[in-house]
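[1] return atomic coordinates for the entry below.
(chains A, B, C and D)
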Amino acid sequence: MLNFADSVGEAVAGIKDGSTVMIGGFGNAGQPFELIDALLDCGATGLTVVNNNAGQGDQGLALLIKEGRVKKMICSFPRQSDSWHFDAKFRAGEVELELVPQGNLAERIRAAGAGIGGFFTPTGYGTMLAEGKETRILDGRGQVFETPIHADVALIKALTADTKGNLVYRKTARNFGPIMAAAAKHTVVQVSGIVPAGSLDPENVVTPGIYVNSIVKVA
Amino acid sequence: MLNFADSVGEAVAGIKDGSTVMIGGFGNAGQPFELIDALLDCGATGLTVVNNNAGQGDQGLALLIKEGRVKKMICSFPRQSDSWHFDAKFRAGEVELELVPQGNLAERIRAAGAGIGGFFTPTGYGTMLAEGKETRILDGRGQVFETPIHADVALIKALTADTKGNLVYRKTARNFGPIMAAAAKHTVVQVSGIVPAGSLDPENVVTPGIYVNSIVKVA
Amino acid sequence: MSIQTGIQTSRTPLGRDDLARLVARDIQAGSFVNLGIGQPTLVSNYLKPEQNITLHTENGMLGMGPVATGDQIDGDLINAGKIPVTELPGASYFHHADSFAIMRGGHLDICVLGAFQVSATGDLANWHTGGPDAIPAVGGAMDLATGAKDVFVMMTLLTREGVSKLVGTCTYPLTGVGCVTRIYTDKAVFLTGPGGVQVRETFGCTLDELQDLVPVPLTAATGA
Amino acid sequence: MSIQTGIQTSRTPLGRDDLARLVARDIQAGSFVNLGIGQPTLVSNYLKPEQNITLHTENGMLGMGPVATGDQIDGDLINAGKIPVTELPGASYFHHADSFAIMRGGHLDICVLGAFQVSATGDLANWHTGGPDAIPAVGGAMDLATGAKDVFVMMTLLTREGVSKLVGTCTYPLTGVGCVTRIYTDKAVFLTGPGGVQVRETFGCTLDELQDLVPVPLTAATGA
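    All right, here's what the predicted structure looks like:
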């Protein structure tokens, strides 16, 4: 049942210790900063976090890692010039890393939402990221077996929601939002605006409301 | 390289005997009738055709089957009240049928476009449509291994194209168009209108021009 | 409305419309639902606006409205049965892979399907008679049966020949294994699950009379 | 412009911009191209409008324009290097799975990548030094290397220590196996394929001098 939350705190209140949480965004574009801050405030810990990166600077996901809330990161690009909190925790052995090629990350998230139990992809074949994984030759190419990434909760950012939960995004801020919304049991969306059902052109809806559980408007 | 054809005949001229041809549409919605007629006229034979159905009445795909041009149908729902041409050819052993659950058909077409070598799905597990197929238990469910469906050519219908080949569709006529465009080596699109690049909102493009090879406007 | 345990709630068997009304009433408010072709389509006639049900059609739409009439008819807006329909405010369109991802990914709360047979363990047979001369056609039946959170079947309990369609083991080719959670028939509503087949309510017969018609052990439901 | 066989086309090694200009010139008109982070990004400065090249950025866009400046800067419009960019007429946006489907499905004509090492058989190493204390980060490198129809590498031929990056077998962890088709360096353009490593042209050295620098057998290209 779709819920419109009055605050980001209310929107993330149900997140439990030990949850797998997907967080949208690529760089700052599409990052649900306010929801991440609320997740930090709500105190949930022992989290597995799925994001393309592993936090930047002294904000958002980086703080969540710094505070020791993140048990494991599933991401494609943890190392950045300002990923010092992740770097320190990783070198100290205090956070586990599952490094996934970015396209495998996207496709595994998509697979979870689409009910696919696993798939073969050429990406990573013959590399250390395929070590220990099942491989086979298909269509004449070496391919690696990859499994879906499901989540308990997705925290994403969209531009506008309608009252049926349909979402549209803005430019490259769309990135992981649509596939994470479909892959999580419970999807929380921060938006800049909420409009009546019928205001969005049905041709242009990117995430149908069926994938959305909670919506909160942020300033 | 994107081509704008002057006629449907020109648009389908390169289709060779023995090709695998995907044809968009679900019922009459999104069916590229003019392109199918042109395919009939161009004389290509020994075709493998991928479509949700196997032709209706005395037009389009049904005629292609009647004329003996179709060696094999890959579809989910061949039997309809007016599928008499397919019915006759099938009972006479003159057309081969690969029957695929509709979601597996869509996902296999999508896999071809997305470079997936194969995937496991619960759909069909334990049924006669999984006989002879590899199965395994994943996420606690019996699943069937399915492989991508690639095509030499896709014939689809969209509402409007821009001069970069970007496409938008109309209502439920969208159906198979976007995934077939991505799964075929050569995609031919019939549209109602062609507009300058920049006329379609980049947020609302459904099929990016990278998937489109030839566009023809039909009246 | 409270549902009591395995009781006779009607003195006569239910007609198709009464059955559709019952299914509609049982669908939880806010649900996303796919109604199969045929008898299940009738359910849409009895959904109330305050239930806020969103209908999915697998050819690529959420927010499907009633069948189109007159000037509403638009060849580009059809349902899975290829009947012209309408769109409601808040509708959305998507391509076939995205539409089946909704079904296959477990996002639909309920799908309602017709059936040739349902087994005591929830196996469904509804796509193929298995006859030697029959041309098979499956469409989206297997995706719906396998993907929805709850699969409700609507059928008459008996064939025209008087044989139960609720069976120990399906003799028709299967659509899905162990997928059916409820069976709505003219004579009773059955719940299938690990605890065997339970009867929620009967129409025009007692539980004992029902048991005489059905070749699988029945128990009265202990709650629904 | 005709390219002759294994000839010296410049009396001096090429600078980064000259190399970028050369790569840009070699991209066929109408191509869909992904330019990797770093040196490959320079190529965009030398693409001519009449080439009608469409740039893809893996975070979710086709039709990417030049880097944004001043009022053009928009935090929601960035490239894979997280630099603000612009959109060109005919652009389109899509989510990450759709964007990587473009790469992984073999739809990009060319991607241009940097490299630590390339092997004689086209293996690419460009994502990880393999150092014991290095935190690995891969991003979209493996998808690009594996998915594009042609993978062009841009790199200096030698490391700062004077060791060839074109090698018999990569010692750094691989990004992709047998995926590189051309290597653009300051000293030569190499073609990799079943026929071994061929030299299309050299810059500031002869083929013999080049062979002295490189530990794999080179032959002059018989055509490009």
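
[2] when you work out contacts or count neighbours from here on, use the C-alpha atoms and nothing else.
    Fine.

[3] tell me which residue of the chain is furthest from the middle?
    Reading this off chain A. For chain A, the largest distance from the centre (CA atoms, centre = their mean) belongs to A:Gly140, which lies 33.1 Å off.

[4] nope, chain C please
    Largest centroid distance in chain C under CA atoms, centre = their mean is C:Asp71 at 30.7 Å.

[5] ok but it is inside a helix, no?
    Yes: assessed by DSSP: H, G, I helix; E, B strand; the rest coil, C:Asp71 belongs to a helix.

[6] give me the pLDDT for it.
    Here, the pLDDT recorded for C:Asp71 equals 97.

[7] same check, this time on C:Gly75
    So, for C:Gly75, pLDDT stands at 97.

[8] check contacts around it.
    Shown in contact with C:Gly75 (CA atoms under 8 Å, 6 or more residues apart in numbering or on different chains): B:28-29, C:84.

[9] what is the nearest of the residues you listed to A:Phe86?
    Nearest to A:Phe86 among the contacts of C:Gly75 is B:Ala29, at 51.6 Å by CA to CA.

[10] so what's the residue of chain A found nearest chain B up against?
    Proximity of chain A to chain B (CA to the nearest CA) peaks at A:Phe119, 4.1 Å away. Counting by CA under 8 Å, 6+ apart, A:Phe119 makes contact with A:145-147, B:116-120.

[11] and the two most separated of these?
    A:Thr147 and B:Gly117, at 13.5 Å, using CA to CA across those.

[12] higher neighbour count, those two?
    B:Gly117 (27 against 21; other CA atoms under 10 Å in any protein chain shown).

[13] check contacts around A:Pro108.
    Careful, residue A:108 is Arg; it's not Pro. Neighbours of A:Arg108 in contact, by CA under 8 Å, 6+ apart: A:118, A:146-149.

[14] swap that for A:Gly115, sorry
    A:Gly115 neighbours (CA under 8 Å, 6+ apart): B:121-122, C:101, C:104-106, C:147.

[15] out of those residues, list just those in strands.
    Mapping the contacts of A:Gly115 onto strands (DSSP state E) picks out B:Thr121.

[16] so which of the contacts of A:Gly115 is the closest to chain D?
    Using CA to the nearest CA, the contacts of A:Gly115 come closest to chain D at C:Ala101, 13.4 Å.

[17] any idea how far the closest residue to A:Leu35 other than its chain neighbours is from A:Ala219?
    Nearest residue to A:Leu35, sequence neighbours excluded (CA to CA, 6 or more residues apart in numbering or on different chains): A:Val8, at 5.8 Å. Between A:Val8 and A:Ala219 the distance is 11 Å, computed by CA to CA, to the nearest Å.

[18] neighbour-wise, which of the two wins?
    Taking other CA under 10 Å, A:Val8 and A:Ala219 do not tie; A:Val8 has more neighbours (22 against 8).

[19] for that one, list the residues it contacts.
    Contacts of A:Val8 by CA under 8 Å, 6+ apart are A:34-35, A:38, A:190, A:216, A:218.

[20] which residues of the chain score low on pLDDT?
    By default, I'm working from chain A. By pLDDT under 70, chain A has no low-scoring segment.

[21] that was the other one, I meant chain C.
    C:1-6, C:223-224.

[22] near chain B, which residues of it show up?
    With CA under 8 Å from any CA of the partner chain as the criterion, chain C meets chain B at residues C:59-61, C:75-78, C:82, C:93-97, C:100-101, C:104, C:135-143, C:146-147, C:173-177.

[23] those residues in helices, which ones?
    Judged by DSSP state H, these include C:96-97, C:100-101, C:104, C:141-143, C:146-147 as members of helices.

[24] filter those down to the ones near chain A?
    Among those, chain A is touched by C:100-101, C:104, C:147 when using CA under 8 Å from any CA.

[25] which one of the residues you listed is nearest chain B?
    Among these, and counting by CA to the nearest CA, the member closest to chain B is C:Phe100, at 5.3 Å.

[26] surely A:Asn52 is in contact with A:Phe77?
    Yes: applying CA atoms under 8 Å, one finds A:Asn52 in contact with A:Phe77, separated by 6.1 Å.

[27] compare these two (neighbour count), which wins?
    A:Asn52 (27 against 21).

[28] just give the nearest non-adjacent residue to that one, would you?
    A:Asn52 sits nearest to A:Cys75 (CA to CA, 6+ apart), 4.8 Å away.

[29] one more: C:Thr206?
    Using CA to CA, 6+ apart, the closest residue to C:Thr206 is C:Gln8 (6.3 Å).

[30] which residues does C:Phe100 contact?
    C:Phe100 touches A:114, B:103, B:106-107, C:58, C:143, counting by CA under 8 Å, 6+ apart.

[31] now distance to chain D and neighbour count too, for those, in CSV please.
    As requested, those are exported to CSV (distance: CA to the nearest CA, whole Å; neighbours: other CA atoms under 10 Å in any protein chain shown):
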residue, distance to chain D, neighbour count
A:Ala114, 12, 27
B:Gly103, 18, 28
B:Ala106, 15, 26
B:Glu107, 13, 27
C:Glu58, 21, 31
C:Asp143, 22, 28
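
[32] separation between the closest residue to A:Glu34 other than its chain neighbours and A:Gly209?
    Leaving out its chain neighbours, the residue that sits closest to A:Glu34 by CA to CA, 6+ apart is A:Val8, at 6.8 Å. With the distance defined as CA to CA, A:Val8 ends up 19 Å from A:Gly209.

[33] likewise for C:Arg11?
    For C:Arg11 relative to A:Gly209 (CA to CA), the value is 41 Å.

[34] which of these two has more neighbours?
    A:Gly209 (24 against 11).

[35] tell me the secondary structure for A:Asp201?
    coil.

[36] who touches it in this structure?
    So A:Asp201 contacts C:Ser92 (CA under 8 Å, 6+ apart).

[37] kindly recompute the last result at 6 Å.
    For A:Asp201, the contact set (CA atoms under 6 Å, 6 or more residues apart in numbering or on different chains) is empty.

[38] how much space between it and A:Lys217?
    Distance from A:Asp201 to A:Lys217, by CA to CA: 20 Å.

[39] can you pull out the helices in chain A?
    A:8-12, A:33-42, A:60-66, A:84-91, A:102-114, A:177-183.

[40] out of these, which gets nearest to D:Ala24?
    Of these, nearest to D:Ala24 by CA to CA is helix A:102-114, at 26.1 Å.

[41] now that closest one - C-alpha only, CSV.
    Extracted C-alpha coordinates of helix A:102-114, given in CSV (Å, rounded to 0.1, in the frame of the first residue of the first chain):
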residue,chain,number,x,y,z
GLN,A,102,29.1,-1.9,-13.1
GLY,A,103,27.0,-3.6,-15.8
ASN,A,104,26.8,-6.8,-13.8
LEU,A,105,25.7,-4.7,-10.9
ALA,A,106,22.9,-3.1,-13.0
GLU,A,107,21.9,-6.4,-14.6
ARG,A,108,21.9,-8.2,-11.3
ILE,A,109,19.6,-5.6,-9.7
ARG,A,110,17.4,-5.7,-12.8
ALA,A,111,17.3,-9.5,-12.6
ALA,A,112,16.0,-9.3,-9.0
GLY,A,113,13.2,-7.1,-10.0
ALA,A,114,12.3,-9.2,-13.1
